[in-house]
Structure formats: C-alpha cells, structure tokens
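> okay, structure incoming, though there's no sequence with it:
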C-alpha cells in the first residue's frame, strides 16, 4: 500500500490494512470493528462530546504499531474462537446427521430383515401346505385303491358264494381229478423207469460173457427099463 492517505478512509483503517496489500481480509475487518467499539466506548465515557485534545490523543494512541498489532491479534483470537465454535457446531450437526443416518439405516435394515423373515415364513407355510396337500392326496389315493380292491374281492366272494353247493362240488371235484391225474401220470413215469432197470438186470443175468464158454446142451439119456 502506498504511503499516501486516502481521504475516503480513516487513518486507523488504513494503518490496520497496511499489510493486506489492498486485500481486505477478515482479520483486518474484525480488528477495525474492535477499534470502532473502543471509539464508541471512548465517546460514551466522555458523554458523547470529547474535547479536541482528547480526540487527538485517542487517535494518536490507536495509531501506534503496538496498538494496531494488539487489535489484529485480538481479531485473530476472536476469529479462531468463532471458527472453533462454528466447527464444533458443524461437527455436532454432522454427528447428529450421522447418528440419524445410522439409526435410519438400522431401521431400514431392520425393516428389510422383517420383510425377508416374513417372506421366508410365507414360503415355509406355502411348502407345508403343499406337502400336506400331497400327503392327503396320496393317502386318499391309497384309501380309494384299497376300497376298490376290497370291493372287487368282495364281489368275487359274493359271486363264489352265489354259485351254490353244486358249483363248489364241481370245483372241488375238478381239483381232485387234476390231482389224481397228476399223481397217476407221475406213477406211470416212475414205473416205466423202474421196469426198464429190472429188464436190464434180467438181461444181464441170462446173457453169457465173452470169456464164458457156451455150455453144450446134453441130450437126455434113456435109462434102461428095469426088468422084472
């Protein structure tokens, strides 16, 4: 900043912002606000009408380098506190938002879990109902089949019962004849095999062997008739 005084700005303001290179930063603005507060307090202490000498002394004091530095240092402290307060508030807001998000996510996950559990329960109930239906259907089929077979057997028994005594005797006789015929046939077969064995034994007993000489048939001799 040039050393020339800008008539549109106060000496104190130009002194405070001398190192800002024309860029009025926040520290300078707060420092000048602190100076204005001190000036208001100065006027208040002098009933709002300080003398020319008092006013000149006030400006001379606050134009000193150490006073300007004190204003800027105090401004930095205020800004740090404000920043910390703002950050703390922001951090608290972020924490609350994160907590709310976490709770919301937990509730969402809980709701999803409930829906999944409900869906699984419905599937289990559906499968149970299907299995029960299949079992009942199969049991009914078995019962129906058993009843049908029982009815057929009963009908056959009724038909056999209605045949009467003559039919039963015919059936028994037919069975007896079949048994007798089978037994007689088996007996004939056994006799045939046994007779063949007997015949073979007789033939072997009468026929001479190769080494055995054939016996000559002797003519019967006539005995002399005894004389008396």
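Here it is on my side, so go on. The structure presented is a predicted model; accordingly, all values stated were derived computationally and were not measured.

> per-domain residue ranges of this structure.
The chain breaks down into these structural domains: 11-115, 164-200 (assignment by automatic domain parsing).

> okay if I get the ones you listed as a markdown table plus mean pLDDT and mean neighbour count?
Quick note: C-beta positions are derived from backbone N, CA and C, even for glycine. As requested, these are exported to a markdown table (pLDDT from 0 to 100; neighbours: other CB atoms under 10 Å):
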| stretch | mean pLDDT | mean neighbour count |
| --- | --- | --- |
| domain 11-115 | 88 | 13 |
| domain 164-200 | 74 | 10 |
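
> make TSV out of those domains and add distance to residue 134.
Shown next, in TSV, are these (distance: least, CB to CB, whole Å):
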stretch	distance to residue 134
domain 11-115	29
domain 164-200	45
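
> and residue 17, how far from residue 25?
8 Å (CB to CB, to the nearest Å).

> for the lengthiest helix in the chain, the distance to its chain's centre please.
Of all the segments of type helix in the chain, defined by DSSP state H, the longest one is helix 65-162. Distance of helix 65-162 from the chain centroid (CA atoms, centre = their mean, to the nearest Å) equals 13 Å.

> which other helices and strands contact that helix?
helix 11-16, helix 26-45, helix 52-62 (3 or more CB pairs under 8 Å, 6 or more residues apart in numbering; DSSP states H and E).

> give me the contacts around the shortest one.
The contact list for helix 11-16 (CB atoms under 8 Å, 6 or more residues apart in numbering) reads 1, 5-6, 28, 31-32, 35, 59, 62-63, 68, 71-72.

> repeat for the second one
When contacts are taken as CB under 8 Å, 6+ apart, the neighbours of helix 26-45 outside the stretch itself are 12-13, 16-17, 20, 49-50, 58, 62, 68, 71-72, 74-76, 78-79.

> coming back round to it: need the contacts of helix 11-16 in a markdown table with distance to residue 104, can you?
Putting the contacts of helix 11-16 into a markdown table (distance: CB to CB, whole Å) gives the following:
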| residue | distance to residue 104 |
| --- | --- |
| 1 | 54 |
| 5 | 61 |
| 6 | 56 |
| 28 | 45 |
| 31 | 45 |
| 32 | 47 |
| 35 | 49 |
| 59 | 60 |
| 62 | 55 |
| 63 | 58 |
| 68 | 52 |
| 71 | 48 |
| 72 | 46 |
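
> closest to residue 130 among those?
Nearest to residue 130 among the contacts of helix 11-16, counting by CB to CB, is residue 28 at 82.0 Å.

> mind checking how far that closest one is from residue 183?
Taking CB to CB, one finds residue 28 at 140 Å from residue 183.

> likewise for residue 91?
115 Å.

> do you know which of the helices and strands packed on helix 65-162 lies nearest residue 110?
Among these, helix 26-45 sits nearest to residue 110 (CB to CB), with 47.0 Å.
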